[in-house]
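In: the following comprises the amino acid sequence and a computationally predicted model.
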Amino acid sequence: MSNTAELLKGAAELFPGEVVTQAHVRHLDLPLGAGKFALITLDNGLDHTKPTTFGPQSLALLDAAIDQVEAEAKAGQIVGAGVTGKPFIFAVGADLKGVELLKTREDALAIGKGGHDVFKRLSSLSVPTFAYYNGAAMGGGVEVGLHCSYRTVSKAIPAFSLPEVFLGLVPGWGGCVLLPNLIGADRAVSVVIENSLNQNRQLKGKQVFELGIADAIFEGADFLEQSLAWTAAVLKGELQVSRPEVDRGEAWDAAVERGRAFADSKVHGAAPAAYRALDIISAAKNGDLRQGFDAESEALADLIMGGELRSGIYAFNLVQKRGKRPAGAPDRSLARPVTKVGVVGAGLMASQLALLFVRRLEVPVVLTDIDQERVDKGVKYVHDEIDKLLLKGRVNQDKANRLKAAVTGSLDKAAAFGDADFVIEAVFEEMGVKQKVFAEVEAVVPEHTILATNTSSLSVSEMASKLKHPERVVGFHFFNPVAILPLLEIVRGEQTDDASLATAFGVAKKLKKTAVLTKDAPAFVVNRILVRFMGEIQNAIDEGTPVAVAEKAVEPLGLPMSPLVLLELVGPAIGLHVSETLAGAFPDRFKVSPNLAALVKAGKRGFYVYDSGKPELDPEVAALLKQGDTVLTEEQVRARVLDGVAQEIGLMLDEGVVAEAQDIDLCLITGAGWPFHLGGITPYLDREGVSERVNGKRFLEPGVASVPA
């Protein structure tokens, strides 16, 4: 047994329940009389929608397949070898279920070395090797192909990436070393660092080819046949593959520095993965593959045993699993069909909702408002956005015409909503206004119609309390921008029935949103936590701490934007309104900042101006600020913020606002863009000891988003 086989055999015990990927070898006669060819197909035996991954047993089977191919190559029985995947999926990398169970650095190092030992055998074969990216390829799935001599890619590929940095790892089976040596450091930094930290942005097949990762691109329908014909031409010398020379001068160093600046802008030094990846890319400039592979394995071992990786996997699983099977959702069979949607209001938020509904549900959508000018403006917004989709090639002309025809406006609620199955209001955030709107809508809609509110903080139960049928009112809280942020907080009022709730969840699924069930509590989940978070910072400013110190205090969390920049995005007026709601409900913990109120009264859009190209405190805002004489340090502000958030989450869980701490984290990741390396927030609070200091216990069990005991 080889050293690699021994290594993988030992590691396999650490991956219980691994879905084993087979590596089938079959022999083909290449076109053009090019000779016999060995094709390795990766297949886990599951249906075509289930991803193929690499755990120790899977790597061992690939290693055995390469043994066979190597023997055939030495015997002169084949002229080349290739690797491809089952239909629609090439391979999506390491088995993360096993990675999070590793308990020692030695175990983690074995996984890194095992993957390297197997994959690099492809580049050591005595015949040329080819990777045929026929479907989704991520992480180790991309890397196994990088070890081959040549690569082709399908135009139909929907997702291609090296997402490791996004999760808190580095591309550890050749990605940090081979990719920059193939396409140059600048492009490699874009793939490894920028795409990962931009919420795991995926490449399409055409982009993979244009970047130079693949040498040829073919249509999806006959991709393998075309790839084999291309392979035959390459092997017979009828086709020469040329690649641009990689710039190993100052451009390489500049690319790495660009990557560091980008990582700083995203994680502010708070998560190590991006910086470790950049160190390896920097060193790969010398072309020493062995040294680079060793550095990847060492980085993998360190990061696998770190909290950020465990939090990243935890966050990934929340989004991919819990987000698709919402806790507490009623039986989906109770859901009613929705064949027409009404939107009360035609402002920006209402128009965004109308666009989302018509795109995803493809049913008639009608907007109403208080005058024709507003209605026309809302409808025009939706039509213009559909035209933009047409120009970008996201929809064809026929579909664009159908979608635009489906969106109309009316001043007559009875005519507009008389046959609607689902009506959502997006009007001014004031209880009396919303109650009046719902009373008007209830009078004209069928008895089965769901009445949904997009309120950000008001009581859904109170909103429904004066209706004849309060059981059909449900909270349906979107986050801005509606088209980008995935979260949808679905709020069950005191009298909301199961059928209405099931219909709401059914609509959310069709809208492709991550739905989380929340209790009807003030500000629900995300806004309550964010207002407590930002409120503690605002309190510190009001008491006398300089704005810059209060802002910088939370940089170690590596949030996507600073608190006061987030306030600009949300809008100070909305922030003030939610603060007032929460201060009314919980006056012992929430305050209405007089400085924030003054900011709103003065019509300011935020604390900063950007005349110099970077945020600077607006002199007019500085003149408005009235501060005390208590000046805190960054550490003191950060402790107050984290203690406040930990307290608030503990209270929310005690109140049953959501089912578990996992729902809090899912909401912050998908509704506020909090980074995966935090795992939302509760793993970070556990890791920093804040949870136990404030609440006397951790939010998550040991081993969840942390190294197992």
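Out: It's in. Residues are numbered from 1 along each chain as shown.
In: show me what contacts residue 389?
Out: By C-beta atoms under 8 Å, 6 or more residues apart in numbering, residue 389 lies in contact with 395, 400. Backbone N, C-alpha and C define where each C-beta goes, glycine included.
In: just the pLDDT for it.
Out: What the model reports as pLDDT for residue 389 is 95.
In: contact partners of stretch 196-214?
Out: Outside stretch 196-214, the residues that touch it by C-beta under 8 Å, 6+ apart are 133, 142, 146, 151-166, 179, 182-184, 187, 191, 194-195, 216-217, 220, 243-244, 262-263, 266-267, 274, 673.
In: now do that stretch, average pLDDT.
Out: Regarding stretch 196-214, the rounded mean pLDDT is 95.
In: now the end-to-end length of that stretch.
Out: One end of stretch 196-214 to the other measures 20 Å (C-alpha to C-alpha, to the nearest Å).
In: for that stretch, could you pull out the residues that count as buried?
Out: For stretch 196-214, the neighbour count (16 or more other C-beta atoms under 10 Å) marks 196-197, 200, 203-205, 207-209, 211-214 as buried.
In: go on, stretch 288-301?
Out: Within stretch 288-301, the residues scored as buried using 16+ other C-beta under 10 Å are 289, 292-301.
In: can I get the residues you listed in JSON lines including secondary structure and pLDDT?
Out: Shown next, in JSON lines, are the buried residues of stretch 288-301 (DSSP: H, G, I helix; E, B strand; the rest coil; pLDDT from 0 to 100):
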{"residue": "289", "secondary structure": "helix", "pLDDT": "94"}
{"residue": "292", "secondary structure": "helix", "pLDDT": "96"}
{"residue": "293", "secondary structure": "helix", "pLDDT": "96"}
{"residue": "294", "secondary structure": "helix", "pLDDT": "96"}
{"residue": "295", "secondary structure": "helix", "pLDDT": "97"}
{"residue": "296", "secondary structure": "helix", "pLDDT": "97"}
{"residue": "297", "secondary structure": "helix", "pLDDT": "96"}
{"residue": "298", "secondary structure": "helix", "pLDDT": "96"}
{"residue": "299", "secondary structure": "helix", "pLDDT": "96"}
{"residue": "300", "secondary structure": "helix", "pLDDT": "94"}
{"residue": "301", "secondary structure": "helix", "pLDDT": "93"}
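In: okay, helices next: where are they in the stretch 1-150 of the chain?
Out: Taking DSSP state H, counting those that start in this stretch as the criterion, the stretch 1-150 of the chain contains helices spanning 3-12, 56-74, 96-99, 105-124, 140-146.
In: which of these sits most buried?
Out: helix 140-146 (a mean of 28; mean count of other C-beta atoms under 10 Å).
In: strand partners of the very next helix or strand once past that one, parallel vs antiparallel please.
Out: Next along the chain after helix 140-146, taking DSSP states H and E as the criterion, comes strand 150-154. Its sheet considered, strand 150-154 pairs with strand 129-133 (parallel), strand 216-218 (parallel) by DSSP bridges.
In: between the helices of the stretch 1-150 of the chain, which one is closest to residue 369.
Out: Closest of the helices of the stretch 1-150 of the chain to residue 369 is helix 96-99, at 47.9 Å (criterion: C-beta to C-beta).
In: what does the closest one contact?
Out: Helix 96-99 is touched from outside by 14-18, 53, 55-56, 108, 111, 167, 304, 309, 313, 316-317, with contacts defined as C-beta under 8 Å, 6+ apart.
In: how many other residues sit next to the residue lying closest to residue 441 once chain neighbours are set aside?
Out: Among residues not flanking residue 441 along the chain, residue 423 sits closest, at 5.4 Å (C-beta to C-beta, 6 or more residues apart in numbering). Here the number of neighbours of residue 423 (other C-beta atoms under 10 Å) works out to 27.
In: now do residue 603
Out: Neighbours of residue 603 under the rule other C-beta under 10 Å: 8.
In: one step back: among the contacts of stretch 196-214, which are located in strands?
Out: Using DSSP state E, the members of the contacts of stretch 196-214 that fall in strands are 133, 151-154, 160-161, 216-217.
In: just name the closest of these to residue 94, please.
Out: residue 161 (13.6 Å).
In: check contacts around that closest one.
Out: 138-139, 142, 191, 195-196, 200-203.
In: also residue 435?
Out: Contact analysis of residue 435 by C-beta under 8 Å, 6+ apart lists 462-463, 465-466.
In: what's the answer for residue 509, then?
Out: Residues near residue 509 by C-beta under 8 Å, 6+ apart: residue 515.
In: and it, how far from residue 366?
Out: 22 Å (C-beta to C-beta, to the nearest Å).
In: go on, residue 609?
Out: Residue 609 is 41 Å from residue 366, by C-beta to C-beta.
In: and those two? which has more neighbours close in?
Out: Between residue 609 and residue 366, residue 366 has the larger neighbour count (other C-beta under 10 Å), namely 24 against 16.
In: which SS class is that one?
Out: Of the three states, residue 366 takes strand according to DSSP: H, G, I helix; E, B strand; the rest coil.
In: does it touch residue 345 like I think?
Out: No. Using C-beta atoms under 8 Å, residue 366 is not in contact with residue 345, being 11.8 Å away.
In: anything in contact with each of these two?
Out: Among the neighbours of residue 366, none is also in contact with residue 345 (C-beta under 8 Å, 6+ apart).
In: and the strands in the stretch 301-450 of the chain?
Out: For the stretch 301-450 of the chain, the strands defined by DSSP state E, counting those that start in this stretch occupy 341-344, 365-368, 407-410, 422-425, 450-453.
In: swap that for the stretch 601-709 of the chain, please
Out: Going by DSSP E, counting those that start in this stretch, the stretch 601-709 of the chain shows strands at 608-609, 616-617.
In: check the gap between the closest residue to residue 102 other than its chain neighbours and residue 141 for me.
Out: Nearest in space to residue 102, with sequence neighbours left out and distances taken as C-beta to C-beta, 6+ apart, is residue 108 at 5.0 Å. Distance from residue 108 to residue 141, counting by C-beta to C-beta: 20 Å.
In: give me whichever of the strands paired with strand 150-154 is most buried.
Out: Among the strands paired with strand 150-154, strand 129-133 has the highest mean neighbour count (mean count of other C-beta under 10 Å), at a mean of 28.
In: for that strand, give the mean pLDDT please.
Out: pLDDT averaged over strand 129-133 gives 98.
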